[in-house]
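J.: let's see this in three dimensions:
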Amino acid sequence: MEKYTTRIDAHLPELSQISSIIQKGGELLRVETITQSPTRDHLYPVYSIALGSEAADKPAIAFVGGIHGIERIGTQVVLSFLETLIQRAHWDSTLVDALEQVKLVFLPLMNPVGMLRNWRSNGNGVDLMRNAPIDAEDNVPWLVGGHRLSPMLPWYRGPEGAPMEKESSALIATIKKELFPSPFSLVVDCHSGFGFQDRIWFPYAYSKTERMPHMAEIYQLREMFFSTYPHQNYLFEPQSRHYTTHGDLWDYMYKEALSEGKTFLPLTLEMGSWMWVKKNPMQIRNALGMFHPMRPHRVRRVLRHHQLLMEFMVRATRSYAFWTQSMHAQENRLLADALWYE
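T.: Okay, the predicted model is just below:
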């Protein structure tokens, strides 16, 4: 029988950072190891870190990072926001009051072995965002949309009929446990690697034509964000405007939530990493170059920039009853159709 040791590796500073944050947070945080990702000799822990309300009748929001191991900036954005909240909890009474009304869950590094190896996939060569048992309606882009050819190629879905990877299963189980009991929940999943502009994507990734049943809420959220912060520079749109994929975890979980009658809004923050390459073309010679700012001052700028978005999403989640009850649902659906699908 193989012997494993749980390890926080010197080549994986994000795990050391998570350990340090857990110590700083102390009794403020509820920490759980939801699975462990193996290499040949070691197990790397995958953490869920929760704070705020534990009441089932309160709304909940989750921040996710590191599903693709090579996209380190996503994990760092999530951890930066968590550190900010921990520091504010020492002096900010408004935050302490808010935490009584909303649950926050952080899953900052879902694919530690992928990050250790600078892989998009996990240790088995499977792309976790192509791993759910859901197929696109039409043809998807070759390879990029998910395939079953070989784990040696990127965007591999895993063998047909096989159970989902342990990291995928742990993410789904944690979201169901922590968010589904709430009357309203939202996810912000942080990625990088597409385009010259930061984007907020919502399901569906498997269909260019099907609309989410909660399209009115998505449109209202967009309008609130843009009117409150008119000088931000995000695009807010369905992922399928650009390409469709098989096996999207958020498509799968959204449909699971629908089957249970839940209001669950999964969003993906897709950071426009081509901007960083344009400013520093030589970084493309590095394996991380297409997915990470590389220069320290750019990393710091990215960490600052997305704090505003995350603060807004927490406030919107906490106040969901106010804005969902006051919105004009039918009008929102028509406006969303005109904006995104016509």
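
J.: grab the nearest non-local neighbour of the most centrally placed residue in the chain.
T.: Nearest residue to the geometric centre of the chain (C-alpha atoms, centre = their mean): D189, 1.1 Å. Spatial nearest neighbour of D189, excluding adjacent residues (C-beta to C-beta, 6 or more residues apart in numbering): V64 at 4.2 Å. Every residue, glycine included, has its C-beta placed from N, CA and C.

J.: all strands for the stretch 51-200 of the chain, in order.
T.: Residue ranges of the strands in the stretch 51-200 of the chain, as given by DSSP state E, counting those that start in this stretch, are 60-65, 103-107, 185-192, 199-202.

J.: what pLDDT does the spatially closest residue to L143 that is not a sequence neighbour get?
T.: Excluding its sequence neighbours, the residue lying closest to L143 (C-beta to C-beta, 6+ apart) is W155, at 5.3 Å. With respect to pLDDT, W155 has a value of 97.

J.: how close does W155 get to I134?
T.: According to C-beta to C-beta, to the nearest Å, W155 stands 15 Å off from I134.

J.: same question, K255
T.: 7 Å.

J.: compare these two (neighbour count), which wins?
T.: Between K255 and I134, counted using other C-beta atoms under 10 Å, the more crowded position is I134 (20 against 15).

J.: model confidence score at the spatially closest residue to G114 that is not a sequence neighbour, please.
T.: Nearest non-adjacent residue to G114, counting by C-beta to C-beta, 6+ apart: G69, 2.3 Å away. pLDDT for G69: 96.

J.: could you pull up phi and psi at G69?
T.: The phi and psi torsions at G69 (degrees, to the nearest 10) take the values phi -60, psi -30.

J.: do L267 as well
T.: Dihedral pair for L267: phi -120, psi 150, per degrees, to the nearest 10.

J.: so what would you say the end-to-end distance of stretch 63-73 is?
T.: 13 Å (C-alpha to C-alpha, to the nearest Å).

J.: need the contact list for the residue nearest to the centre of the chain.
T.: By C-beta atoms under 8 Å, 6 or more residues apart in numbering, the contact list for D189 reads V64, G65, I67, G74, W250, P266, L267, T268, L269.

J.: looking at the residues you listed, which has the most residues close by?
T.: Ranking those using other C-beta under 10 Å puts G74 first, with 31 neighbours.

J.: for the helix or strand hosting Q325, packing partners?
T.: Element membership for Q325, per DSSP states H and E: helix 320-326. Applying 3 or more C-beta pairs under 8 Å, 6 or more residues apart in numbering; DSSP states H and E, we find helix 320-326 packed against helix 215-228.

J.: ok, the next helix or strand after the helix it packs on: who's next to it in the sheet?
T.: As assigned by DSSP H and E, the chain's next helix or strand after helix 215-228 is strand 235-238. Sheet pairing for strand 235-238, assigned by DSSP bridges, gives strand 199-202 (parallel).

J.: what's opposite T35 in the beta bridge?
T.: Beta-bridge partners, per DSSP bridges, of T35: V46.

J.: now do the same for it: its pLDDT.
T.: In this prediction T35 is given a pLDDT of 98.

J.: A257 in helix, strand or coil?
T.: Assigned by DSSP: H, G, I helix; E, B strand; the rest coil, the conformation of A257 is helix.

J.: from the chain's centroid, how far away is the top helix by length along the chain?
T.: The longest helix of the chain (DSSP state H) is helix 72-88. Offset of helix 72-88 from its chain centre (C-alpha atoms, centre = their mean, to the nearest Å): 13 Å.

J.: stretch 242-252 too?
T.: Stretch 242-252 has its C-alpha centroid displaced from the chain centroid by 13 Å (C-alpha atoms, centre = their mean).

J.: now do the same end-to-end measure for that stretch.
T.: 19 Å.

J.: any weak-confidence spans in this protein?
T.: Low-confidence segments of the chain (pLDDT under 70): 1-10.

J.: at 50 instead, please
T.: 1-4 (pLDDT under 50).

J.: please, where are all the helices along it?
T.: 13-25, 72-88, 93-98, 112-117, 166-178, 215-228, 249-259, 274-279, 296-305, 307-318, 320-326, 329-340.

J.: dump the ones you listed to JSON lines, plus distance to Y206.
T.: Output for the helices of the chain, formatted as JSON lines (distance: least, C-beta to C-beta, whole Å):
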{"stretch": "helix 13-25", "distance to Y206": "30"}
{"stretch": "helix 72-88", "distance to Y206": "22"}
{"stretch": "helix 93-98", "distance to Y206": "35"}
{"stretch": "helix 112-117", "distance to Y206": "23"}
{"stretch": "helix 166-178", "distance to Y206": "16"}
{"stretch": "helix 215-228", "distance to Y206": "16"}
{"stretch": "helix 249-259", "distance to Y206": "5"}
{"stretch": "helix 274-279", "distance to Y206": "25"}
{"stretch": "helix 296-305", "distance to Y206": "29"}
{"stretch": "helix 307-318", "distance to Y206": "24"}
{"stretch": "helix 320-326", "distance to Y206": "26"}
{"stretch": "helix 329-340", "distance to Y206": "16"}
